[in-house]
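Q: Based on what follows, work out the 3D shape:
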Amino acid sequence: MKTPQLVLALFAASLLFLNGCTINQDILFRTGEGYEFANLDDLATKDAPGYRIAPNDMLSFQLFSNNGERLNQRTAGTMTGQSGGGGGQNQQQMMNMNQQGGFTYLVKPDGLVELPELGGIRLEGLTIEEAEGLLEDAYTSFYNDPYVIIRVTNNRVFVFPGEAGQATVVPLVNMNTTLLEVLAMTGGIARRGNASKVKLIRKTETGRDVYKMDLSVVDGLDDANMVVQAYDIVYVEPMPQLVRETTESLTPITSLISTLTVLWAFVLNNP
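A: Predicted coordinates:
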């Protein structure tokens, strides 16, 4: 009675061990057969509003009066020193701030941004152009023909080039950065990456859209020149490594079988 029970227990333990073994478990964002990808042609033709300001964004803020006249003067190198009373001093302080690139402000979780003189103002959900227009209207009470420049300074894209341990977070310095540029900045597709299976995952108001493209052919250049948006995920699917990973998975199994064989021999010799 003891021998069958022992053998049964060892067999059950081996089954549990085998069940825990997986191959190519580092492959992410699997879509499966029949998954309906978003249409790249629609992305290229539809009137997309661009990135919308979201909570936790960091905004650089610059403010000029007279429709940016002083910005043009500074750019042209004709800016002269200010003299006179407090008004001129305030304008000079504004110029000094703007020459340093302005200050940076946080979009709070409630969507408000605390800005000088205005206090809390809601910018969440607006495009950059919409936010600049809103702020120009708001500062009309304080300045003559205000001109506002804002930028999101912490926008980034996540790139998985097709090799485990090589993912990169790419800051979006240029809002017109293409997918091809992002891949180039991260060193291109990794050796194990499958260029014919590149996914771009984009967050939308209704969830996430997944676009699939084939960059292994010249025709894929049109897709690679699409402009990425903040928090896009660029995922290059790795090539399966069946032989190596199967061998690695079988190594502990072989060791287990050897152990079971020794135990079986011991049981037979010691009834």
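
Q: Domain map for the chain?
A: 2-23+242-269, 40-49+155-238, 58-152 (automatic domain parsing).

Q: Comparing those domains by mean pLDDT, which bottoms out?
A: Lowest mean pLDDT within those: domain 2-23+242-269, a mean of 58.

Q: Tell me the helices and strands packed up against whatever helix or strand residue 130 lives in.
A: If you go by DSSP states H and E, residue 130 is part of helix 128-138. With contacts taken as 3 or more Cβ pairs under 8 Å, 6 or more residues apart in numbering; DSSP states H and E, helix 128-138 sits against strand 119-122, strand 147-152. Every C-beta, even on glycine, is put in place using the N, C-alpha and C of the backbone.

Q: Can you say which of those is packed in most?
A: strand 147-152 (a mean of 19; mean count of other Cβ atoms under 10 Å).

Q: Can you work out which other helices and strands pack against it?
A: Secondary-structure packing of strand 147-152 (3+ Cβ pairs under 8 Å, 6+ apart): strand 58-64, helix 128-138.

Q: Now do the lengthiest strand in the chain: everything it contacts.
A: Ordering each strand of the chain by length in residues (DSSP state E) puts strand 193-204 first. For strand 193-204, contacts defined as Cβ atoms under 8 Å, 6 or more residues apart in numbering pick out 29, 31, 161-163, 179, 189, 208-217, 220, 226, 228-229, 231-239.

Q: Kindly recompute the last result at 7 Å.
A: 29, 161-163, 179, 189, 208-216, 229, 231-239 (Cβ atoms under 7 Å, 6 or more residues apart in numbering).

Q: could I get the helix or strand that comes right after it in PDB with only the CA atoms?
A: Downstream of strand 193-204, the first helix or strand assigned by DSSP H and E is strand 207-213. Output of strand 207-213 as PDB, limited to C-alpha atoms (Å, rounded to 0.1, in the frame of the first residue of the first chain):
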ATOM      1  CA  GLY A 207     -10.100  52.600 -24.000                       C
ATOM      2  CA  ARG A 208      -7.000  51.700 -26.100                       C
ATOM      3  CA  ASP A 209      -6.500  51.300 -29.800                       C
ATOM      4  CA  VAL A 210      -4.000  48.800 -31.000                       C
ATOM      5  CA  TYR A 211      -2.400  49.400 -34.500                       C
ATOM      6  CA  LYS A 212      -0.300  46.700 -36.200                       C
ATOM      7  CA  MET A 213       2.300  47.400 -38.800                       C
END
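
Q: Not counting its own residues, what contacts strand 207-213?
A: Contacts for strand 207-213 (Cβ under 7 Å, 6+ apart): 31, 37-38, 40, 43, 198-202, 220, 223.

Q: Try it again at 6 Å.
A: Identification of contacts with strand 207-213 by Cβ atoms under 6 Å, 6 or more residues apart in numbering yields 37-38, 40, 198-202, 220, 223.

Q: The following helix or strand past that strand: which residues count as buried?
A: The helix or strand immediately downstream of strand 207-213 is helix 221-224, counting by DSSP H and E. Judged by neighbour count (16 or more other Cβ atoms under 10 Å), helix 221-224 contains these buried residues: 223-224.

Q: Equivalent analysis for stretch 224-232, please.
A: Buried residues in stretch 224-232 (16+ other Cβ under 10 Å): 224, 226-230, 232.

Q: now swap in stretch 129-144 and tell me
A: 131-132, 135-136, 138-139, 143.

Q: got those as JSON lines, with distance to residue 152 columns?
A: What follows is the buried residues of stretch 129-144, written out as JSON lines (distance: Cβ to Cβ, whole Å):
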{"residue": "131", "distance to residue 152": "10"}
{"residue": "132", "distance to residue 152": "12"}
{"residue": "135", "distance to residue 152": "14"}
{"residue": "136", "distance to residue 152": "18"}
{"residue": "138", "distance to residue 152": "19"}
{"residue": "139", "distance to residue 152": "20"}
{"residue": "143", "distance to residue 152": "23"}
